[in-house]
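Chemist: My questions concern the predicted model and sequence given below.
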Amino acid sequence: MKKTDNLLFVWGLMALNIRSYHSVDEEQWLKCHVMAYLGSNERRFLTEKPRYERPSIELVYVDDNDIIGFLDIELEDVPGSVCYKKVEGNAMLWDIGILKEYRRRGVATQLLNEGISQAKKQGVKRLEAWSIEEGAKEFYEKFGFKRFFEYHHVLIDKREKLRPLDENGMHITELYAHVMPDTDINDIMKKYAPKEVHICAGFELSV
């Protein structure tokens, strides 16, 4: 990954900058990731940072030496290999997060703008993103993304509802599943009584 020059921003006496992620950042990145997703419906508590097979843009937002935000974009090599839509010039925004105390200061916008700027230099024409979080959906729409697809995430934890799925000696005690639009979510609700139901929305942005 090509090294990125630091981009400096100043809030009062506090200097912050955006730079490329480096392997030595992993432990601090993971701590930031956990805190950024704390209280979220996304099940993203990671024990190691994701590695990407394809070219990627991996940025961190730093306050002095502390990571307070992150962004990961993966670029497609073959249409449809990463993104839902099969078009040329695709990239997936896999992850973006900011510590709670730094939110509503433009940090996420700055990170995304820098990520898009680097992606465009590598030939990206369309950025795709997905979320079940209402705050993230609002952020994407304010940024200019357009919603193009929806489906449901469901969490089922009732053992008696899951027994019919047992096989090969395995007892299913909890199931987290995606319910596509061609399945009536009301049928799933009646049959399995999910503990959680979330609408997952897909967004796209021409860059």
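Modeler: Thanks, I have the structure now.
Chemist: Tell me the first helix or strand C-terminal of the longest helix belonging to the chain.
Modeler: Taking DSSP state H as the criterion, the chain has its longest helix at helix 107-121. Moving toward the C-terminus from helix 107-121, the next helix or strand (DSSP states H and E) is strand 126-131.
Chemist: In terms of secondary structure, what does that following strand contact?
Modeler: Under the contact criterion of 3 or more Cβ pairs under 8 Å, 6 or more residues apart in numbering; DSSP states H and E, strand 126-131 touches strand 90-98, helix 134-143, strand 196-206. C-beta: built from backbone N, CA, C; applies to glycine.
Chemist: rerun at 7 Å
Modeler: If you count contacts as 3 or more Cβ pairs under 7 Å, 6 or more residues apart in numbering; DSSP states H and E, strand 126-131 packs onto strand 90-98, strand 196-206.
Chemist: And the residue lying farthest from the centre of the chain, its phi and psi?
Modeler: Distance from the centre of the chain peaks at G169, with 34.5 Å (Cα atoms, centre = their mean). G169 adopts backbone torsions of phi 80, psi 0, taken as degrees, to the nearest 10.
Chemist: Now do it against I156, distance only.
Modeler: Distance, G169 to I156, by Cβ to Cβ, to the nearest Å: 20 Å.
Chemist: Can you report phi and psi for L46?
Modeler: L46 adopts backbone torsions of phi -100, psi 150, taken as degrees, to the nearest 10.
Chemist: got a list of what it touches?
Modeler: Going by Cβ atoms under 7 Å, 6 or more residues apart in numbering, L46 touches L30, H33.
Chemist: pLDDT at it, what is it?
Modeler: On pLDDT, L46 comes in at 91.
Chemist: For the remainder of this discussion, apply numbering that starts at 25.
Modeler: With 25 as the first residue, the last one maps to L70.
Chemist: Now do the domain split for this protein, please.
Modeler: Domain assignment for the chain, taken from automatic domain parsing, gives 31-163, 174-224.
Chemist: for the record, mean pLDDT for the helix or strand containing L186?
Modeler: Assigned by DSSP H and E, L186 belongs to helix 183-186. Helix 183-186 shows a mean pLDDT of 96.
Chemist: how about it: buried residues?
Modeler: Residues of helix 183-186 classed as buried: L186 (neighbour count, 16 or more other Cβ atoms under 10 Å).
Chemist: sorry, back to before: which strands and helices lie in contact with the longest helix of the chain?
Modeler: Using 3+ Cβ pairs under 7 Å, 6+ apart as the contact test, the elements touching helix 131-145 are strand 38-44, strand 80-87, strand 90-99, strand 114-122, helix 158-167.
Chemist: Now mean pLDDT, mean neighbour count and distance to E228 too, for these, in JSON lines please.
Modeler: Formatted as JSON lines, those follow (pLDDT from 0 to 100; neighbours: other Cβ atoms under 10 Å; distance: least, Cβ to Cβ, whole Å):
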{"stretch": "strand 38-44", "mean pLDDT": "77", "mean neighbour count": "16", "distance to E228": "24"}
{"stretch": "strand 80-87", "mean pLDDT": "96", "mean neighbour count": "22", "distance to E228": "17"}
{"stretch": "strand 90-99", "mean pLDDT": "97", "mean neighbour count": "21", "distance to E228": "13"}
{"stretch": "strand 114-122", "mean pLDDT": "97", "mean neighbour count": "23", "distance to E228": "9"}
{"stretch": "helix 158-167", "mean pLDDT": "97", "mean neighbour count": "15", "distance to E228": "9"}
